[in-house]
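>>> Build me a structure from this.
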Amino acid sequence: MLKGTFPVEKFKVIPTPFYYYDISLLRETLETVKTESDKYGYHVHYAVKANANPRILSIIAEYGLGADCVSGGEIRASLAAGFPANKIVFAGVGKADWEIELGLDNDIFCFNVESAAELEILNEWAEKKNKIASVAFRINPEVDARTHAKITTGMKENKFGINLSMLGQVLDLLKTLKHVKLIGIHSHIGSQITDISAFRSLAIRMNEIQEELDQRGITVEHVNFGGGLGVDYYHPNHLSIPPFDDYFAVFHKLLQVRPGQQVHFEPGRSVVAQCGSLISKVLYVKEGEAKKFAILDAGFTELIRPAMYDAYHRIENISNDDPVEFYDVVGPICESSDVFGKEVELNKAHRGDLIALRSAGAYGEVMASQYNCRQLPVAYYSDEL
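Numbering: from 1, shown residues only. This is a model prediction of the structure:
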């Protein structure tokens, strides 16, 4: 089996499980993001929810990206990592009062507003502070992202965003509010999208929405397409950087940009997924009647995606090159769903072998929990080992 390059000898002295980040790959990915987005003058805000590791955030901030935040905690983490407040956008359907205050106090770039109720509360807080809050309406464009149901967000009657049919009502409400200013429209149709045609549909739909705004005499300064570009979980060695060239080119080709209008994106997974791996150790090889189990010391407390989304991660035995056998790779958590993969091809597993779960840089460490009173995983970096 083709494997990634890992400093296995150094790993042997580190207590497992832990996260390992390839900083060279992260920087190469960021260079690609900058090169491809700069071709068209696009603005990129990293979606902090994908990975909020302080070291990872600080490296991303070095490349001049903004931050896309969905909580007050993420705003604080972004500011601490060096993201300028005027490049921070704040999304989320349930912004608490203290989070709205935090955004206003720091004069962040924009609030992505997801309902009429939120717009009214934001206006109240801005009035209390004698400020004008810049907002973008998050609109559900009713574009099918053709991805997992749990990470599809752009359809009608989703908890996220404003339904297209209700946009007129919210625009009418806006006219009555004196402390919010509409500067943009925003959309995010889902995550882990590998079918570029979904983005083509989104660009076309955004043109249609802007035409509706034109009829109301409204032209917005900013258009934000969210994120969603997927990664190749099956081939992390060969396809370690997503096709940012094709992604940005779709919008450049199809989007009808108004004079002076700025275009924004909020990638997360596509920036960090491939640079991270969860490193675990085989505790036991259990022989069943019809199958073998490789029981690891990592579980869904360290990487919940397989249990939550039935997600695939490439799993590699990085300790040996023995002949391949088939295993159900499972964790130690006292839940039947604590399974990383079934009938997984692995070089013959032995107690103590190191196992790498690849493409775990997004929604891995950041979603770790202490269920079963387990310790949170520690992170290590390629340039510090």
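
>>> okay, now the residue lying closest to Ile108 once chain neighbours are set aside: neighbour count?
Among residues not flanking Ile108 along the chain, Ile88 sits closest, at 4.3 Å (Cβ to Cβ, 6 or more residues apart in numbering). Every residue, glycine included, has its C-beta placed from N, CA and C. Ile88: 23 surrounding residues under other Cβ atoms under 10 Å.

>>> Kindly list the longest helix within the protein.
Longest helix of the chain, by residue count under DSSP state H: helix 197-215.

>>> Show residues contacting that helix.
Helix 197-215 is contacted from outside by 139, 141-146, 154, 164, 167, 185, 187, 189-190, 193, 219-220, 223, 225, 228-229, 247, 250-251, 253-256, 258, using Cβ atoms under 8 Å, 6 or more residues apart in numbering.

>>> residues of stretch 347-359 that come out buried?
Neighbour-count burial for stretch 347-359, with 16 or more other Cβ atoms under 10 Å as criterion, is recorded at 347-349, 353-359.

>>> what's the closest of those to Gly64?
Set against Gly64, the nearest of those by Cβ to Cβ is Ser359 (25.4 Å).

>>> So which helix or strand of the chain has the lowest pLDDT on average?
Ranking every helix and strand in the chain by mean pLDDT, DSSP states H and E puts strand 162-163 at the bottom, with a mean of 90.

>>> Show me what that strand is packed against.
With contacts defined as 3 or more Cβ pairs under 8 Å, 6 or more residues apart in numbering; DSSP states H and E, strand 162-163 has these neighbours: strand 133-140.

>>> Could you report the neighbour count for Ile304?
For Ile304, using other Cβ under 10 Å, the count is 20.

>>> right, and the helix or strand after the longest helix of the chain?
Using DSSP states H and E, the helix or strand that follows helix 197-215 in sequence is strand 222-224.

>>> chain center to the helix or strand following that next one: distance?
The helix or strand immediately downstream of strand 222-224 is helix 244-254, counting by DSSP H and E. Relative to the chain's own centre, helix 244-254 is displaced by 19 Å; criterion: Cα atoms, centre = their mean, to the nearest Å.

>>> before we move on, the earlier item: and the two most separated of the buried residues of stretch 347-359?
Most distant of the buried residues of stretch 347-359, by Cβ to Cβ, are Lys348 and Ser359, 23.4 Å apart.

>>> Please give the element, helix or strand, for Leu167.
Secondary structure assignment for Leu167, by DSSP H and E: helix 167-175.

>>> what sits up against that helix?
Under the contact criterion Cβ under 8 Å, 6+ apart, helix 167-175 has outside partners 116, 119-120, 137, 139, 162, 180, 182, 209, 212, 216, 218.

>>> Could you report the neighbour count for the residue nearest to Tyr234 when sequence neighbours are not counted?
Once flanking residues are discounted, Tyr234 sits nearest to Arg314: 6.5 Å by Cβ to Cβ, 6+ apart. Applying other Cβ under 10 Å, we find 23 residues neighbouring Arg314.

>>> Now do Arg314, the pLDDT please.
Note for Arg314: predicted pLDDT of 98.

>>> Next up, the contacts around it.
233-236, 357-359.

>>> Which pair of the residues you listed spans the longest distance?
His235 and Leu357, at 15.0 Å, using Cβ to Cβ across those.

>>> Can I have the buried ones of the contacts of helix 197-215 as a ChimeraX selection?
Buried residues within those, by 16+ other Cβ under 10 Å, are selected in ChimeraX with:
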select :139,141,142,143,145,154,164,167,185,187,189,190,193,220,223,225,228,229,247,250,251,255
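
>>> which residue sits farthest out from the middle of this structure?
Ranked by distance from the centre of the chain (Cα atoms, centre = their mean), the top residue is Glu289, with 40.4 Å.

>>> Wait, Leu79 touches Asp105, no?
No: Leu79 lies out of contact with Asp105 (Cβ atoms under 8 Å); the separation is 11.0 Å.
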